[in-house]
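1. model this:
(chains A and B)
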Amino acid sequence: MANKATAQPLSVKFLATSFLMFWLVLAAFPFIWTLWGSFKVEGDFFSKANWANALFGGLTQAETGGSFTGDGYYGAFVEEEFWRATLNSFIVCFFVVTISLTCGTLGGYALSRSTNRYAFWFLLFALIFRAMPPITLVSGYLLPFFEYNLWGRLSTTIIVLVAINQPFTLWMLHAFFKNIPKDLDESAMVDGCTRFQAFRHVIIPVMWPGVITTGLFSFLLAYNDFAVTSMLLSKDNQTMVPKLASFLGTTQTKGNVMFAVAAVVSITAPLFVMVMVFQRQIVSGLTAGAVKG
Amino acid sequence: MKHATFFWFVLPSAFLMLLFIALPVVSVVTQSLYTSHEQVLVTVENCGPFGCTPVTSIDQEATQALQADKPLGKWAGLDIYKDRNHLAFSEVASAWVRADGLPDFGKNLMNLPFYKAMAFTLTYTFVVTPLTIILGFFIAVAVNSVAKALKGPTIFLTLLPFIVTPLVGSLILFWMVDARGILGAGLQWLTNNPDLSVKASTPLMWIMLMVYGIWHAAPFAFVVFYAGLQTVNSESLEAAMIDGANRWERIRYVVIPHLFPLVTFVALIQLMDNFRVFEPIVSFSAQAHATSLSYAIFNDLGGETRLLSSAAATSVLTIIGIAILLSPVLIRTYRDFSKPS
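-> Predicted coordinates for the structure are as follows:
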């Protein structure tokens, strides 16, 4: 950084820093505001009368006796059974990630090693599938699922999410496997391994960084999905995001916006932790397709 | 790799995609050509003390039997595509004849659900995509210039809007611009208009949805450009400086050309993702002011009466739209693969 071409005069530095500050406030403030507000009563969360209430919780103090209250969380998790949705979300995410990675590593490995033309067509079709909005597929699922009595179950949703995830997983793992030198598994095969043994004993031990990164994105897709889960899950089996959406319908009229606020914070918290722990992998995953391709 | 080995390796993925992506597309296309059964009506003579009157009623049993017999409904050909909720040929034609100039024609078109959704989807896609790229680029340049120790936390905060569930992110923004929320109240104070409400105004709603879209996607553009900036050749920068290029010229003629392939990449991904805009409309409850193609499908599928055929027709039209948008990517991928490496 000490070279002259990249050195910056003070004015530019000031401009860049203030722009960055502005953006960081833009990016982070909404979350801080919601987290802070989730421990207040509705009158303080939407503090039209006096903005200081939002900060110090004047109405919360008047209504509950303390500056902070867990009423929103209690209402959401206990009264509205949000804990069940949390459990469902984690079941769905766990199975979606494991199954997509299992299928994806096998497929991605084969695609990265095959020089045949059909491997390319396979990837091209995966790209087309990746571009299709999930909701357009959902209208194709409903009738057969009703017909065979598959609708509403967690297992159906898991398989559907895995399938929708597959094109993306294949592309990403294909790119990662391309970076693992061919000589590695080929020399194992010269030594007498079959293709699968070479994969099992040579490739699997070195593939984990790519698999973890891809797994993170599979997790995000399953966790954040609304179109599929809201349409394919019955009321008892709802995951967190459709459950939150159902709060909007029923509780906003009852004046229990705070349930939804608590739910929003509960959905966001695991994502925060994930970004904190896996920041490096997320960044490398987002750029994997771009910088090399 | 041997053909048989390849086959067994890709079998699970291929099977899943065939069963849950390719087949549903076929099923959507088929469904869009059928329409739901009409209810079976029976007329019975209702005889009372004052004579007999014919009464028409729905034969529930027969209707259900018909439904169970042919769950797809009855053949409708392209009728669903032509009806008022989709391409609405006759309505468009009559609007064209009656219209008093182009703006009036446009206004009439906006009363038709499909064209209204299309208008918002396209505006959203083509406004949000370039602005995302520009904002992402500036953030990347700014982050690139901060001290090394601060980079980690800055990148962490910047990633948040992109990682957080779209439904949740847009909901938070919606609460903030609520008339009682912090931004909404701030806007009222700024404009000195206590009745200002984002929820009630169509233009403000469109702007908010797009602001959300940019806020959500800018981190993605940022990360890609930031990675690109790490690989800018510092020797070319120095050479440009020796040749007398000033700061702006160095960005314009060295950095931007270096990043240009990344711009196309981000633009294509963003076009795909913005075309499916959906969640923010749900959490902003914006359907009265703005609907998108995805939202129209969601709306048809939800509720008591699931309008499967109508949803299927919109889905097919959406897929066609995606195919048109995607054609440059496909051609590019094809060329990349075909050129000798």
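
2. Mind pulling the model confidence for the spatially most central residue of chain B?
-> The residue lying closest to the centre of chain B (Cα atoms, centre = their mean) is residue B:276, at 1.9 Å. On the pLDDT scale, residue B:276 is placed at 90.

3. and if you look at residue A:227?
-> pLDDT at residue A:227 comes out at 91.

4. What of residue B:127?
-> On the pLDDT scale, residue B:127 gets 96.

5. list the contacts for it?
-> residue B:210 (Cβ atoms under 8 Å, 6 or more residues apart in numbering or on different chains). C-beta coordinates here come from the backbone N, C-alpha and C atoms, glycine included.

6. residue ranges with poor pLDDT in the stretch 51-200 of chain A?
-> A:51-52 (pLDDT under 70).

7. residue ranges of the helices in it, please?
-> A:51-56, A:58-64, A:71-74, A:82-113, A:117-131, A:134-147, A:154-178, A:182-190, A:195-198 (DSSP state H, counting those that start in this stretch).

8. likewise the stretch 1-150 of chain B?
-> B:3-17, B:23-32, B:60-69, B:79-82, B:89-98, B:102-109, B:113-144, B:148-163.

9. want to throw these into a markdown table with distance to residue A:40?
-> Below are the helices of the stretch 1-150 of chain B laid out as a markdown table (distance: least, Cβ to Cβ, whole Å):
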| stretch | distance to residue A:40 |
| --- | --- |
| helix B:3-17 | 46 |
| helix B:23-32 | 45 |
| helix B:60-69 | 51 |
| helix B:79-82 | 49 |
| helix B:89-98 | 50 |
| helix B:102-109 | 44 |
| helix B:113-144 | 32 |
| helix B:148-163 | 22 |
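
10. and residue B:32, what is it in contact with?
-> B:80, B:81, B:309, B:312, B:313, B:315, B:316.

11. quick one: secondary structure of the residue of the stretch 51-200 of chain B found nearest chain A?
-> Ranked by Cβ to the nearest Cβ, the top residue of the stretch 51-200 of chain B for proximity to chain A is residue B:180, at 3.5 Å. Classification of residue B:180 by DSSP: H, G, I helix; E, B strand; the rest coil places it in coil.

12. what's the most buried one of the helices of the stretch 51-200 of chain A?
-> helix A:154-178 (a mean of 23; mean count of other Cβ atoms under 10 Å in any protein chain shown).

13. Any idea how many residues pack against residue 17?
-> By default, I'm working from chain A. Using other Cβ atoms under 10 Å in any protein chain shown, residue A:17 has 15 other residues around it.

14. Please refer instead to chain B.
-> Residue B:17 has 24 nearby residues by other Cβ under 10 Å.

15. Surely it is in contact with residue A:167?
-> Yes. Counting by Cβ atoms under 8 Å, residue B:17 touches residue A:167, with 6.9 Å between them.

16. Show me whatever sits in contact with both of these two.
-> A:126, A:129.

17. Would you map out the domains in the chain?
-> With no chain named, the answer covers chain A. Domains of chain A are assigned by automatic domain parsing as A:1-27, A:81-292.

18. Please refer instead to chain B.
-> Chain B is divided into the following domains under automatic domain parsing: B:78-111, B:114-338.

19. Please identify the deepest-packed of those.
-> domain B:114-338 comes out most buried of these by mean count of other Cβ under 10 Å, with a mean of 19.

20. Next, the distance between the ends of that domain.
-> 39 Å (Cα to Cα, to the nearest Å).

21. again with stretch B:299-308
-> 11 Å.

22. likewise stretch A:181-200?
-> First-to-last residue span, stretch A:181-200, Cα to Cα: 15 Å.
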